[in-house]
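# predicted model follows, preceded by the sequence.
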Amino acid sequence: MTIREQLEQEEHLRLSSHAQFSDASRGRPRTEPETENDVRTCYQRDSDRILHSKSFRRLMHKTQVFLQPEGDHYRTRMTHTLEVARIARTITRALRLNEDLSEAIAFGHDLGHTPFGHAGEVALTEVMGTPFRHNEQSLRVVDILEKDGAGLNLTYEVRMGILGHSRSSRLPETLEGQIVRISDQIAYINHDIDDAMRAGILTDGDIPREIADVLGESHRDRINTLVTNMIFHTLSSGELGMDPEISQAMEALRAFMFEHVYKNPVAKGEESKARRILQELFEYYLRHPEALPEDFQPQITFEGMARTVCDYIAGMTDKYAMYKYSELFIPTAWQVRD
């Protein structure tokens, strides 16, 4: 018996009957041979594949809310991803579900985000003429774009969890995927408050009293309230969720953030410039396919120029998009000597 098989057996002894067991996975798009030295379950392998991917590393330099903030402590897409994974694992463990599955979904859920956050989504939607959805792009990244077109060959449950993490998408089939979906909201609402306060857009007293009375005054208190309530509500009711009072307060806090932060002209004042950068890059590469990196050239044949350029730009970090824009459109000073 391999170590992987031992781990799979232990899951059946340790986890709830509602968990997604590793040995019950619906498999991968491409069958992979088993080895005697296999020491990881399928979901552990998926977590490792995502963690070691190029697209995961790029999250470090992608916007969460504030574009290129001057400060060391603002969140990026990577820190957001890690916070989602940590919250999801806490909930999943308490409910005796599959932590490895929730971690893999959390690691992969935002791989498809554009540079400059949601401003990038708007820009690519406009140039493509069809909605650009980051959850769908995340699935493209792991299915097609990583490993020079081979993709990461992840399990069905991880892939569908990534696709279903967005509020506008279909609910994931597994409870682990549904937990990541809620953990994403818990994480971004609360850490975006923290960043908005750091930026001077919000103060402690701006959070409506009726919300603070239910969820708590601090970042720590709010997350603790939401996580623990979700755990105990689910255990007592048998249905994944939160008490109505807590759920309503969370929705009210999210609405408050949209009004005062996500649509705030101070936080979003540079977004029109960011959209212009991406749109002009798109038009340039559309006219100059030879300027695309070599590993994107084969994609042009079977998916066309527009889709290929969209994938290339969507994968850029904020810094790299600004660098390419400067390289292509900003003249450099002549190096003239006296």
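Received it, and whenever you're ready, just let me know what you need.

# what's the neighbour count on the closest residue in space to residue 63 that isn't next to it in sequence?
Spatial nearest neighbour of residue 63, chain neighbours left out: residue 117 (4.0 Å); criterion: CB to CB, 6 or more residues apart in numbering. Bear in mind the C-beta positions are built from the backbone N, C-alpha and C, glycine included. Residues near residue 117, counting by other CB atoms under 10 Å, number 22.

# contacts only, for residue 117.
Applying CB atoms under 8 Å, 6 or more residues apart in numbering to residue 117 gives the contacts 62-65, 67.

# again, but for residue 151
Residue 151 neighbours (CB under 8 Å, 6+ apart): 29, 142-145.

# repeat for residue 77
Counted by CB under 8 Å, 6+ apart, residue 77 has contacts 59-60, 62-64, 110, 113.

# going through those, which ones are buried?
By neighbour count, with 16 or more other CB atoms under 10 Å, these hold 59, 62-64, 110, 113 as buried.

# show me what contacts residue 133?
So residue 133 contacts 121, 166, 168-169 (CB under 8 Å, 6+ apart).

# do residue 40 as well
Residue 40 touches 4, 7, 48, counting by CB under 8 Å, 6+ apart.

# with residue 119 instead?
Listed by CB under 8 Å, 6+ apart, the contact partners of residue 119 are 63, 67, 268, 271, 274-275.

# buried among these? Make that a PyMOL selection.
Filtering those down to the buried ones (16+ other CB under 10 Å) takes a single PyMOL command:
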select buried, resi 63+67+268+271+274+275
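
# including distance to residue 238, could the contacts of residue 119 go into JSON lines?
What follows is those, written out as JSON lines (distance: CB to CB, whole Å):
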{"residue": "63", "distance to residue 238": "39"}
{"residue": "67", "distance to residue 238": "44"}
{"residue": "268", "distance to residue 238": "42"}
{"residue": "271", "distance to residue 238": "44"}
{"residue": "274", "distance to residue 238": "45"}
{"residue": "275", "distance to residue 238": "46"}
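
# number of nearby residues for residue 65?
So residue 65, with other CB under 10 Å, has 24 neighbours.

# my guess is residue 36 contacts residue 4, does it?
No: the criterion here is CB atoms under 8 Å, and residue 36 misses it with residue 4 at 9.8 Å.

# which other helices and strands contact the helix or strand containing residue 279?
In this structure, residue 279 sits in helix 271-287 according to DSSP states H and E. In terms of contacts (3 or more CB pairs under 8 Å, 6 or more residues apart in numbering; DSSP states H and E), helix 271-287 is packed against helix 118-128, helix 297-314, helix 318-329.

# where does the prediction get shaky in the stretch 1-150 of the chain?
By pLDDT under 70, the low-scoring segments of the stretch 1-150 of the chain are 68-70.

# just the helices in it please.
Using DSSP state H, counting those that start in this stretch, the helices of the stretch 1-150 of the chain run over residues 3-14, 42-51, 54-58, 77-94, 99-108, 118-128, 134-140.

# can you show me the CA trace of the fifth one as CSV?
Right, the one you point to is helix 99-108. Taking Å, rounded to 0.1, in the frame of the first residue of the first chain, the C-alpha atoms of helix 99-108 are listed here in CSV:
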residue,chain,number,x,y,z
GLU,A,99,-8.8,20.7,3.6
ASP,A,100,-6.6,19.8,0.7
LEU,A,101,-9.4,20.3,-1.7
SER,A,102,-10.4,23.7,-0.3
GLU,A,103,-6.8,24.8,-0.3
ALA,A,104,-6.3,23.9,-3.9
ILE,A,105,-9.5,25.7,-5.0
ALA,A,106,-8.5,28.8,-2.9
PHE,A,107,-5.0,28.8,-4.4
GLY,A,108,-6.4,28.8,-7.9
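
# show me the shaky parts of the stretch 151-300 of the chain.
267.

# quick one, helices of it?
Using DSSP H, counting those that start in this stretch, helices in the stretch 151-300 of the chain cover 156-163, 175-198, 209-215, 219-237, 244-257, 265-268, 271-287, 297-314.

# nearest to residue 74, out of those?
For the helices of the stretch 151-300 of the chain, the distance to residue 74 is smallest for helix 175-198, at 5.3 Å, taking CB to CB.

# next, the angle from that closest one to helix 219-237.
With axes from the mean of the first three to the mean of the last three CA atoms, to 10 degrees applied, the angle from helix 175-198 to helix 219-237 works out at 160 degrees.

# remind me what helix 175-198 packs against, helices and strands.
Packed next to helix 175-198, using 3+ CB pairs under 8 Å, 6+ apart, are helix 77-94, helix 99-108, helix 156-163, helix 219-237, helix 244-257.

# tell me the angle of that helix relative to helix 42-51?
30 degrees.

# only C-alpha atoms, please: export helix 175-198 in CSV.
Provided in CSV are the C-alpha atoms of helix 175-198 (Å, rounded to 0.1, in the frame of the first residue of the first chain):
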residue,chain,number,x,y,z
LEU,A,175,-19.0,21.7,0.1
GLU,A,176,-15.3,22.5,0.0
GLY,A,177,-15.9,24.6,-3.1
GLN,A,178,-18.8,26.4,-1.5
ILE,A,179,-16.7,27.2,1.6
VAL,A,180,-14.0,28.8,-0.6
ARG,A,181,-16.7,30.9,-2.3
ILE,A,182,-17.9,32.3,1.1
SER,A,183,-14.3,32.5,2.4
ASP,A,184,-13.4,34.7,-0.6
GLN,A,185,-16.1,37.2,0.4
ILE,A,186,-15.2,37.1,4.1
ALA,A,187,-11.5,37.8,3.2
TYR,A,188,-12.0,40.6,0.7
ILE,A,189,-14.6,42.6,2.5
ASN,A,190,-12.6,42.6,5.7
HIS,A,191,-9.0,43.1,4.4
ASP,A,192,-10.3,45.8,2.0
ILE,A,193,-11.6,47.7,5.0
ASP,A,194,-8.1,47.4,6.6
ASP,A,195,-6.5,48.7,3.4
ALA,A,196,-9.1,51.5,3.0
MET,A,197,-8.3,52.7,6.5
ARG,A,198,-4.6,52.6,5.8
